[in-house]
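Engineer: could you look at this predicted model? Sequence included:
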Amino acid sequence: MGGGYCIGAPQAWPRQEMVLKHLLSACAEVLSRIDSAHRTLLLSDFDGTLAPIVARPELASLSQETATLLLKLSQCPMYSVAIVSGRALDDLKDRVGIPGITYAANYGMEIESPRFSLLNAAADRARSLFRQLDEDLRSALAHIPGAIVEYKGLTLSMHYRLVPERDQIDVRDIVHQLTASASYLGHVEVTDGKKVFELRPATAWDKGKTVSLLVDRLSPAGVAAVLPCFLGDDVSDEVGFDAVDKLGGISIYVGQDPSHTRAGYYLASPQEVTQFLAMLPTTRVSNS
């Protein structure tokens with residue numbers, strides 16, 4: 001089982017040859033594809049995509065408008081809805097609060113769906129390691145103001161958004177020191193996101209594989225029957241964009257700086273995501 005230690009700035013993905021389009025300006029072509037599809041699998045990250053990034057992870061929440069739109073879409077035969085997030089399963093379900101949809105938590109290592117459930121066996125076996133890492137990190141970071149360790153059962157997040165800039169290099173060094181051995185042995189992978197270090201079991205599983213699995217499992221008549229549409233905002237979502245594009249779907253980056261994404265479209269903020277959700281058709285316009 002290979003691992004890796006990847007702390008550093010988010011990777012600058014090479015831009016694709018096609019021109020990245022602002023989705024609200026190119027909405028007609030996207031809505032036409034959705035209207036023509038047998039069914040659209042709407043996949044979305046949570047933090048930074050459906051809900052704004054906040055200082056503390058426990059403060060993140062969906063707006064009532066976004067929640068209402070997702071519920072409406074989930075009840076429409078034209079759509080299946082799945083949330084693909086790094087959050088723990090129970091936490092994700094509590095924050096989204098929509099029954100009957102698919103929740104792919106911990107980067108897809110635990111999935112709960114009306115049609116199936118999944119728990120990544122390798123990640124499950126690593127629980128004791130992550131409990132120990134949680135204890136070690138909390139102890140080592142206790143003296144640094146604003147450092148937040150979020151234990152998620154199968155993974156850990158070490159948030160440093162609230163850490164004074166002068167202390168952030170110390171946070172980086174502590175995370176490196178406490179995970180170096182497990183990373184070298186191929187047990188833990190560490191990546192740097194938006195003011196957060198993500199610690200995951202080195203399971204060769206990611207959001208790209210999760211998206212492909214969900215398209216397969218949630219398609220009533222095979223992969224070709226579903227049009228996948230994936231929205232995400234962080235480095236971990238890039239492999240999801242790749243998976244969707246390979247399946248002929250729609251990939252949408254969410255954020256102010258789309259210059260380093262491989263997605264086909266972008267939206268500037270979770271507020272624009274809500275606008276997009278409100279535009280999605282719930283009745284057929286075409287005769288296809």
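Structural biologist: Perfect, I can see it now. Bear in mind the structure is a predicted one, so any value in this text is a computation, not a measurement.
Engineer: which parts of the stretch 101-250 of the chain are helices?
Structural biologist: Remark: helices assigned in the stretch 101-250 of the chain by DSSP state H, counting those that start in this stretch are 121-125, 127-141, 165-184, 207-217, 238-246.
Engineer: rebuild those helices as TSV, extending it with mean pLDDT, mean neighbour count and distance to L71.
Structural biologist: From N, CA and C alone the C-beta is placed, and that goes for glycine too. Listed next are the helices of the stretch 101-250 of the chain as TSV, based on pLDDT from 0 to 100; neighbours: other CB atoms under 10 Å; distance: least, CB to CB, whole Å:
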stretch	mean pLDDT	mean neighbour count	distance to L71
helix 121-125	94	15	30
helix 127-141	97	16	33
helix 165-184	95	16	38
helix 207-217	94	21	19
helix 238-246	96	22	23
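Engineer: what stretches of this protein score poorly on pLDDT?
Structural biologist: Across the chain, residues meeting the criterion (pLDDT under 70) sit at 1-18, 221-224, 286-288.
Engineer: next up, the contacts around the residue nearest to R39 when sequence neighbours are not counted.
Structural biologist: Counting by CB to CB, 6 or more residues apart in numbering, V226 is the residue found nearest to R39 once chain neighbours are left out, at 5.3 Å. V226 is in contact with 37-41, 80, 215, 218-220, counting by CB atoms under 8 Å, 6 or more residues apart in numbering.
Engineer: one more time with 7 Å
Structural biologist: V226 sits next to 38-39, 41, 215, 218-219 when contact means CB atoms under 7 Å, 6 or more residues apart in numbering.
Engineer: only the buried subset of the residues you listed, as a ChimeraX command please.
Structural biologist: Those of the contacts of V226 that count as buried under 16 or more other CB atoms under 10 Å are selected in ChimeraX with:
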select :39,41,215,218,219
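Engineer: run through the strands of the stretch 151-288 of the chain in chain order.
Structural biologist: 156-159, 188-192, 196-201, 226-232, 250-254, 265-267 (DSSP state E, counting those that start in this stretch).
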